[in-house]
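S.K.: Only the shape, not the letters, is given here:
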């Protein structure tokens, strides 16, 4: 073992407009700013998940003027998040449109009903929803996907399969089929690795 990994700690992203992003993460995902560095960096945490929550789960950094100019030159400075939804395949895995190499950032919610409420709330705000609500095969969790203001896909997830405390279980190989990404039943026909 090279690293004694204790789990994912936080995610850091660069954004086009830090104030718009902070407002999104506060108003939609119930996060709060724990600290700021000038007007270019914000640290956010989810205060209601535990009395012992850590300083931050996200670091949001304003893109530099040079980065914004490069986006402008490529015609990517301004985004219409609804346009991304047009590129979603009708069937198959939730291959999400994205503005960069980050595939998605996931946040846990209490249950399926919380996902449905989030979907309704996003739709009331005319905010695009890319996929869901649905249920993944691997992990057996419920999901909902939608973009943040910079087009980073956000996943809300509930009821992820618990890992056994000791020993684990053998990995399973799922079929490469659309149903693997959106199932509503347990699969008994999985190959163990």
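M.R.: Structure's in. What do you need? Keep in mind it's a predicted model, so treat the numbers as computed, not measured. Numbers count the residues shown, from 1 in each chain.

S.K.: and after the lengthiest helix in the chain, which helix or strand comes next?
M.R.: The residue-count maximum for a helix in the chain (DSSP state H) belongs to helix 112-124. Downstream of helix 112-124, the first helix or strand assigned by DSSP states H and E is strand 131-135.

S.K.: just checking, residue 36 touches residue 59?
M.R.: No - here residue 36 lies out of contact with residue 59, judged by CB atoms under 8 Å, at a distance of 10.7 Å. C-beta: built from backbone N, CA, C; applies to glycine.

S.K.: Which residues are in contact with each of these two?
M.R.: By CB atoms under 8 Å, 6 or more residues apart in numbering, residue 36 and residue 59 have these common neighbours: 42, 43.

S.K.: Now name the helix or strand holding residue 43.
M.R.: Under the criterion of DSSP H and E, residue 43 resides in strand 41-45.

S.K.: buried residues in whatever helix or strand comes next after that strand?
M.R.: Next along the chain after strand 41-45, taking DSSP H and E as the criterion, comes strand 58-62. Across strand 58-62, burial judged by 16 or more other CB atoms under 10 Å covers 58, 59, 60, 62.

S.K.: what's strand 58-62 packed up against?
M.R.: Strand 58-62 is packed against strand 11-15, helix 18-27, strand 41-45, with contacts defined by 3 or more CB pairs under 8 Å, 6 or more residues apart in numbering; DSSP states H and E.

S.K.: hmm, back to that, wait, which of the buried residues of strand 58-62 is closest to residue 16?
M.R.: residue 62 (8.2 Å; CB to CB).

S.K.: wait, what's in contact with the closest one?
M.R.: Taking CB under 8 Å, 6+ apart, we find residue 62 in contact with 14, 15, 17, 18, 39, 40, 41.

S.K.: For residue 42, see how far away the first one is.
M.R.: When distances are taken as CB to CB, to the nearest Å, residue 14 and residue 42 turn out to be 12 Å apart.

S.K.: More neighbours: which of these two?
M.R.: Just comparing residue 14 and residue 42: by other CB atoms under 10 Å the higher neighbour count belongs to residue 42, 25 against 16.

S.K.: Just grab the bridge partners of the more buried one for me.
M.R.: Under DSSP bridges, the beta-bridge partners of residue 42 are residue 36, residue 60.

S.K.: Am I right that it is in contact with residue 36?
M.R.: Yes - using CB under 8 Å, residue 42 is in contact with residue 36, at 5.1 Å.
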